[in-house]
Each structure stands twice: as C-alpha cells, then as structure tokens.
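Undergrad: 3D model of this:
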Amino acid sequence: MEYCIFVEPQVGASWDELSAAALAADRLGFDGFFRSDHLIPPGRELLGTPAVSDAWTTLAGLARDTERIRLGTLVSPVTFRNPGTLAVQVANVDAMSRGRVELGLGAGWNRDEHDAYGIPFPDKRFGRFEEQLQIITGLWASQLGTTFSFDGEHYRLVDAPGGVQSPFGERIPVIIGGAGAQRTPALAARYADEFNANFAPNEVIARLYAGAIRACEAVGRDPGSLKLSSALTSSLPWSRVLVKPLPAAGRY
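TA: Below you'll find the predicted structure:
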C-alpha cells in the first residue's frame, strides 16, 4: 500500500503552504505528493484568499526542493495545454526530480475556470483526451534521433523530435481516472499505469475498479499491472489523502 498527499491549491493555498506541505510529506515518509490542476475553485466558491497556482510550474519547483517523494497531477485537463508541449514539459520536470514524476490526465470539466482565463472549452472532449494520450505516450516512447508524427481529428504533429522521455526512468507513469463506465476504463487499460477513483462511497469505487479490471481483460492486459488508487478527505480544505494499493495488494 502506498500513502500519498493530495492537495487542491485552487481553494486558497499559497506557494509557501504548498511547499511546506510537500517538504513535510517528503520528510515524513509519504510515498507521493500530488496536486490538482485547477485555476479557480468549483463554482467560484472562494475559501480564504484565492491564490492562482499553475500545476506544472509549482511541481517544477517542488522537483528541485524535495528529495525522494513522487510528484504529479490529479489530474491535468487536456483542455489546458497542447499535448506535444505538455509531453516535453512533464519530461523536463521528471528530469529535474531525477525520475519522480507521474502524469495524471483527464478530459476536463470546470467550464468556469476556462471562461475566467479565456481557455476554449469544447462540448466534446473525449476524442481530444484519447489523442493526447496517443501523442504523449508516443513522444515518450520515441527514441533520440528519431521523429514522431501524428495526424488526428484534433491534433497534428509533424516530425516532432524524439527522445523527450526523462533519462531517469523507463517511462513516466500515466494516471487516468473518472466515473465513466465504458470509455474511461478502456483508455486506462490501453494507456495508463494507474486507475484512480475519488471521493465516492466504497461500493461505487469497487464498481469502478471492477470496470477497469474488465477493460484490461478485454484487451489482453494483466489486470494486476494496473495500479488502483483512491483519494479520501482530510481536515484541511485544500488537502486530501491519496491511497494507492499496489497491484499485488489486491483490488478494492
């Protein structure tokens, strides 16, 4: 079992608070420190003084400040960033951390924050989600001295330089999560190292995990190779506890 800290700075945590929490988690032996990738609270409900906090900028700082803890997002919306530059950005942060980064990726859902910062919010995002996964994992799998091209409905890459994977790990882990019954588990089975289910009753989480397991079996993947995780609430408004059962530890 792995125990991680999951924080949501968009509800008011400053950089100093975020940094202090990550350093404490690193010092106290937690396995990972993950943060949301949002710019404003849901429904614009402000808890304290809002502090706009960019996920990958702050993770880059934490990559240099921490020593052993794993770092990542739960989750980065595909609407926020171009997949090609995101792949390079995450690989750079992974190199800065010497191989301790994980990328959580999702379709995006908070229209208010998109409107607030002028970010387009298309009604149909799942196709973009799958194409981003194809591009990011494709770039990370490409070798130094090669190029990667992609021609999809939403994105087109032409001869992007290969070798963007960090030199400190075989592959940056990808986390996919959500409450979808069909498409999300199918994407997790094809592209993810971890399937995440958050803030739901035990019976709902068990049903989501079962769906991810069936999706693995449908594509001939060993379900035990997919890590399962869930986030639980804590007393701080911007902090959560993330529990990651190891594949060998069973499934919930």
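Undergrad: counting neighbours, what do you get for Thr57?
TA: By the measure other CB atoms under 10 Å, the count of residues near Thr57 is 11. All C-beta atoms are positioned from the backbone trio N, CA, C, and that covers glycine.
Undergrad: likewise the one 3 residues further on?
TA: The tally of other residues near Ala60 (other CB under 10 Å) stands at 19.
Undergrad: distance check, it against Phe129.
TA: 24 Å (CB to CB, to the nearest Å).
Undergrad: same question, Ser76
TA: Using CB to CB, Ser76 is found at 11 Å from Phe129.
Undergrad: shared neighbours of these two, anything?
TA: In terms of CB atoms under 8 Å, 6 or more residues apart in numbering, Ser76 and Phe129 are both contacted by the residues Leu105, Gly106.
Undergrad: and the most far-flung residue of the chain relative to its centre, what does it touch?
TA: Here the centre of the chain is the reference, and by CA atoms, centre = their mean the most remote residue is Gly145, at 28.0 Å. By CB under 8 Å, 6+ apart, Gly145 lies in contact with Gly162, Gly163.
Undergrad: what strand or helix carries Phe148?
TA: Assigned by DSSP states H and E, Phe148 belongs to strand 147-151.
Undergrad: now for that strand, which elements pack on it?
TA: Counting contacts by 3 or more CB pairs under 8 Å, 6 or more residues apart in numbering; DSSP states H and E, strand 147-151 is packed against helix 126-141, strand 156-161.
Undergrad: let's verify the residue nearest to Gly178 when sequence neighbours are not counted: helix, strand, or coil?
TA: Spatial nearest neighbour of Gly178, chain neighbours left out: Thr184 (4.2 Å); criterion: CB to CB, 6 or more residues apart in numbering. Assigned with DSSP: H, G, I helix; E, B strand; the rest coil, Thr184 falls in the helix class.
Undergrad: what's downstream of the helix or strand hosting Gly211, the next helix or strand?
TA: In this assignment (DSSP H and E), Gly211 forms part of helix 202-218. Going down the chain from helix 202-218, the next helix or strand is strand 227-233, by DSSP H and E.
Undergrad: put the alpha carbons of that next one into PDB.
TA: Provided in PDB are the C-alpha atoms of strand 227-233 (Å, rounded to 0.1, in the frame of the first residue of the first chain):
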ATOM      1  CA  LYS A 227      -2.400   0.200 -10.000                       C
ATOM      2  CA  LEU A 228      -5.600   1.200  -8.300                       C
ATOM      3  CA  SER A 229      -5.900   4.300  -6.200                       C
ATOM      4  CA  SER A 230      -8.500   6.500  -4.400                       C
ATOM      5  CA  ALA A 231      -8.500   9.900  -2.700                       C
ATOM      6  CA  LEU A 232     -10.000  10.400   0.800                       C
ATOM      7  CA  THR A 233     -10.900  13.600   2.600                       C
END
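Undergrad: re earlier: just the C-alphas of the helix holding Gly211, formatted as CSV.
TA: Listed next in CSV are the C-alpha coordinates belonging to helix 202-218 (Å, rounded to 0.1, in the frame of the first residue of the first chain):
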residue,chain,number,x,y,z
ASN,A,202,-16.9,2.2,-1.2
GLU,A,203,-19.5,0.4,-3.4
VAL,A,204,-19.0,2.9,-6.2
ILE,A,205,-15.2,2.7,-6.1
ALA,A,206,-15.5,-1.1,-6.1
ARG,A,207,-17.7,-0.9,-9.2
LEU,A,208,-15.2,1.5,-11.0
TYR,A,209,-12.3,-0.8,-10.1
ALA,A,210,-14.2,-3.8,-11.5
GLY,A,211,-14.8,-1.9,-14.7
ALA,A,212,-11.1,-1.1,-15.1
ILE,A,213,-10.2,-4.8,-14.5
ARG,A,214,-12.7,-6.0,-17.1
ALA,A,215,-11.3,-3.4,-19.6
CYS,A,216,-7.8,-4.8,-19.0
GLU,A,217,-9.0,-8.3,-19.6
ALA,A,218,-10.8,-7.2,-22.8
